[in-house]
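In: dropping the sequence and predicted coords here.
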Amino acid sequence: MSRSRQPPLVTGISPNEGISWTKVTIRGENLGTGPTDLIGLTICGHNCLLTAEWMSASKIVCRVGQAKNDMGDIIVTTKSGGRGTSTVSFKLLKPEKIGILDQSAVWVDEMNYYDMRTDRNKGIPPLSLRPANPLGIEIDKGRFPQKDLEALFPGMSADFTSENFSAAWYLIENHSTTSFDQLKMAVMNLKKQANKKNEGSLAYVKGGLSTFFEAQDALSAIHQKLEADGTEKVEGSMTQKLENVLNRASNTADTLFQEVLGRKDKADSTRNALNVLQRFKFLFNLPLNIERNIQKGDYDVVINDYEKAKSLFGKTEVQVFKKYYAEVETRIEALRERLLDKLLETPSTLHDQKRYIRYLSDLHASGDPAWQCIGAQHKWILQLMHNCKESYIKEQKGNSLLHSPMLDLDSDVHPSPIGHLNQTASLKRGNSFQSSRDDNWRCKAPQQVAFVEKLTKLVVSQLPNFWKLWISYVNGSLFSETAEKSGQMERAKKNARQRQNDFKKMIQEVMQSLAKLIRGALLPFSLREGELKQYGGWEMKSGLSGQWLTHVIQTVRLSYESLTALEIPNDMLHIIQDLILDLRVCCIMVTLKHTAEDVKRLAEKEDWVVDNEGLTSLPSQFEQCIVHSLQSLKSVLDCKPGEASVFQHHKTQEDVCQLSIDIMQVFIDCLEQLSTKPDGDVDTTHLSVDVSSPDLFGSIHEDSSLSSEQRLLIVLSNCCYLERHTFINIAEHFEKHNFQGVEKITQISMESLKELDQRLFEIYIELKADPIVGSLEPGIYAGYFDWKDCLVPTGVRNYLKEALVNIIAVHAEVFTISKELVPRVLSRIVEVVAEELSRLMQCVSSFSENGALQARLEICALRDAVAIYLTPESKSSFKQALEALPQLLSGADKKLLEELLNKFKSTMHLQLTCFQASSAVMKT
């Protein structure tokens, strides 16, 4: 609700008692926006609106009517705020009957007296009686903003009773949509009112002729009466006669009441003498009474006696009184010093501080005790914070000499941060930390973590009283009614307004010290070199783990919530928000670095146990490691109210992205390390296979050892799974936790993984294809074989069968590890063999008919045997090899070729069965 619509509130009336028709001044808040807004005013139940004169929104002047109640409230009713309330009351005094011995004097304010009997005003009419609509036409309030009108008419007013009245402003505000005919009617109304005003004096005389005649008749009657007495000639004029009569009446009255008045004067003198004697007794005993009450702690009694003595003897000129009053001032000054010392003592409760401040204000202590107390509390809090740091640093250095290093939260035995945080739950209600602590937790927690717990507990327990003391200082609740009456509270409020910036600096200094002390313990790199000496000094042998940093962040967050519960402005707590943001960033960095170290150690956990899909547990362990790390960062990544995103800075995004890429790269390096580790370095004592796969060759595992080629295949299988599943899942987890640059992380990681996969694949192909390729040429020309001079082919020669057996051996080895790798490996092996065979055929200068038939038989036999693994490259090589041979012209040669191929397939049927099984698997 806006201020103009709040109900009226009467907070004062002067005088607060009187008889009927007493002129009073009413003060308060929201007493109307103008004379027309005031529609009701009652005092003690009597309607006083007729005599009310609206002065401002906080002041109304009126006269009290003849009310029935002796005491009642002052109720103001306005159009804008409705019926109001009152915090004060008016006491209506009944006129006492004046006896013959009583003196009485009544002052009548004739200037502004309003005669309700004749409805005639003898002075200036109150504003409430002036016309609300001077133009006499319907008012139509416009929609022009008040600010625009004020800017258009600077220094002017739309109030027609104001000296700065602006007719244009009044017309725009009240008649902006009025027609021209209506405005002409308004002009006529104004002319009529002006004519009535000019005729007002004459009409007033005409209306009062009867009164004038009555006065004339009365004077004439008095004159005739005196004429009839006939004494005018003897005693002079009529005026002299009246004067003599009045003088004789006065002398007679003095003679009658002289004795009574004399007795009254004597009684007054006796009473005054007794009062003076009583004052003397009070003053003479006052120094001793002050000392006794101080010893008892009855400071209120001392203050009351001192105020009484000061009012009686503060300005006395009597020497005896001066002497005793000076002694009283000496005792009071000593009391002031004593109370000030108690006020500045630390620690002390807020209740005691308020009590001592009130005592000092009532004793009119010099300076500003409340501000001195605030300054002392501020220094004490800062000193406590630095003492806390020094004690923990000293304890850390002692423990480094006497005890083993602190246990890390990652070890098997560690406390639950959640259990400890329950002790700080009361912070949300603005209370202090629970004093109980788990000693076992204290022994295991790093010194920096315990220090942050203690430091935040200290600040949150001390700052509320410090803040409440300031609030009490600002609103004046520290002072008593005596100080309020003496104006001391108003001066204190004025001082508080002037010192707001100073107090703001105090709060900021406490917040800065809190933030810098925590930074010195956890983020020393964020402090300047000059600040490290004051806020640092910790032994940084090893950084905290991410879990300890998460615990610290929760502690600081709870402290921040407690401080905001005190309604401390956010600009003063901005430095704590910056600290929380930096701690969150640091926690993410540390956690990701530790995750990279954990991933690096995964190579030691590789057990080489292969499941039926050719995978070990390594990809799953890697994914679990990443997921666990991200889950531990969930509370850190989530933004509490008022917190900014941890990724708001571009540098943080880049650093986190790079660390994430490093984690992926570390795992890729682990894979490469495992694939290239010498045979003697591989621990295969725990080697096992998944018996659920019936297709595995048991002979591979009978000797419980793995060859380098088998390790390559296992790593290749893991690489394929990582590319298709694990890396994609990890990217989803990154996006779920709002990581930035996930596409970049995935792209770079995928590229690096594919590069490793291709490199390992080429190594394996080289290991397996080179022996096969190297045996082709010697096998072809074994026994001095010559393509120009050879016998009629009788079948495929042994070198080709040997090459096929070697390819089958590769197939068996790959199939044992991973079925999915078989097509990729065999296709590449066939490509290499086909390329070599094509090269050898193209190197032959000429073929005889038998030689060409023999070559075509062997090429077609190899091609048909590995047809399932042919690729465009291998098909091209086989085509080039066949094109290098002379064409078969006779049908007999073609028939012989077909018979020999069928014979080869029949004799090698058992060996070639593996290719057929693979074909069936590939088709399904």
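Out: Cool, the structure landed. Given the structure is predicted, the values throughout are model-derived calculations rather than measurements.

In: count residues in the vicinity of Ala365, would you?
Out: For Ala365, the count of nearby residues is 20 (other C-beta atoms under 10 Å). The way it works is simple: take the backbone N, C-alpha and C, and place the C-beta from them, glycine included.

In: could you find the closest non-adjacent residue to Asn289?
Out: Asp305 (6.3 Å; C-beta to C-beta, 6 or more residues apart in numbering).

In: host element of that neighbour?
Out: Following DSSP states H and E, one finds Asp305 within helix 299-313.

In: helices or strands up against the next helix or strand after that helix?
Out: Beyond helix 299-313 on the C-terminal side, the first helix or strand identified by DSSP H and E is helix 319-344. The contact analysis (3 or more C-beta pairs under 8 Å, 6 or more residues apart in numbering; DSSP states H and E) places helix 319-344 against helix 238-296, helix 299-313, helix 350-362, helix 369-402.

In: neighbours around Gln381, how many?
Out: In this structure residue 381 is Ile, not Gln. Ile381: 21 neighbours (other C-beta under 10 Å).

In: do I have it right that it meets Asn465?
Out: No - contact criterion C-beta atoms under 8 Å: Ile381 and Asn465 do not qualify, at 9.9 Å.

In: need the contact list for the spatially most central residue of the chain.
Out: The residue lying closest to the centre of the chain (C-alpha atoms, centre = their mean) is Gly642, at 3.0 Å. Contact partners of Gly642, counting by C-beta atoms under 8 Å, 6 or more residues apart in numbering, are Tyr560, Thr564, Asn570, Gln577.

In: any idea of the pLDDT on the second one?
Out: Spelled out, that is Thr564. Listed pLDDT for Thr564 reads 84.

In: ok, the residue lying closest to it once chain neighbours are set aside to Val646 distance?
Out: Nearest residue to Thr564, sequence neighbours excluded (C-beta to C-beta, 6+ apart): Leu573, at 6.6 Å. For Leu573, the distance to Val646 (C-beta to C-beta, to the nearest Å) stands at 18 Å.

In: need the contacts of Gly642 in CSV (columns: neighbour count and distance to Leu219).
Out: Formatted as CSV, the contacts of Gly642 follow (neighbours: other C-beta atoms under 10 Å; distance: C-beta to C-beta, whole Å):
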residue, neighbour count, distance to Leu219
Tyr560, 22, 91
Thr564, 17, 85
Asn570, 10, 83
Gln577, 17, 91
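
In: and these, which of them are in helices?
Out: Using DSSP state H, the subset of the contacts of Gly642 located in helices is Tyr560, Thr564, Asn570, Gln577.

In: could you find the closest non-adjacent residue to the first one?
Out: If I follow you right, that is Tyr560. Nearest one to Tyr560, counting by C-beta to C-beta, 6+ apart, is Ile576 at 5.1 Å.

In: neighbours of that neighbour, how many?
Out: So Ile576, with other C-beta under 10 Å, has 23 neighbours.

In: what are the contacting residues of stretch 504-515?
Out: Contacts of stretch 504-515 (C-beta under 8 Å, 6+ apart): 374-375, 378, 381-382, 385-386, 455-456, 459, 463, 467, 535, 568, 572-573, 575-576, 578-579.

In: could I have the buried ones of the residues you listed as PyMOL selection syntax?
Out: Here is the PyMOL command that selects the buried residues among the contacts of stretch 504-515 (16 or more other C-beta atoms under 10 Å):
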select buried, resi 374+375+378+381+385+455+456+459+463+467+535+568+572+573+575+576+579
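
In: how close does Asn501 sit to Met664?
Out: Asn501 sits 53 Å away from Met664, going by C-beta to C-beta.

In: between the two, which has more neighbouring residues?
Out: Shown here are Asn501 and Met664; by other C-beta under 10 Å, Met664 has more neighbours (24 against 9).

In: hang on, the more buried one packs against Ser749?
Out: Yes - counting by C-beta under 8 Å, Met664 touches Ser749, with 3.8 Å between them.

In: which residues do those two both contact?
Out: Common neighbours of Met664 and Ser749, counting by C-beta under 8 Å, 6+ apart, are Phe727.

In: follow-up on the earlier one: look up how far Leu563 lies from the residue nearest to Thr564.
Out: Look at Leu573 and Leu563: by C-beta to C-beta, they are 6 Å apart.
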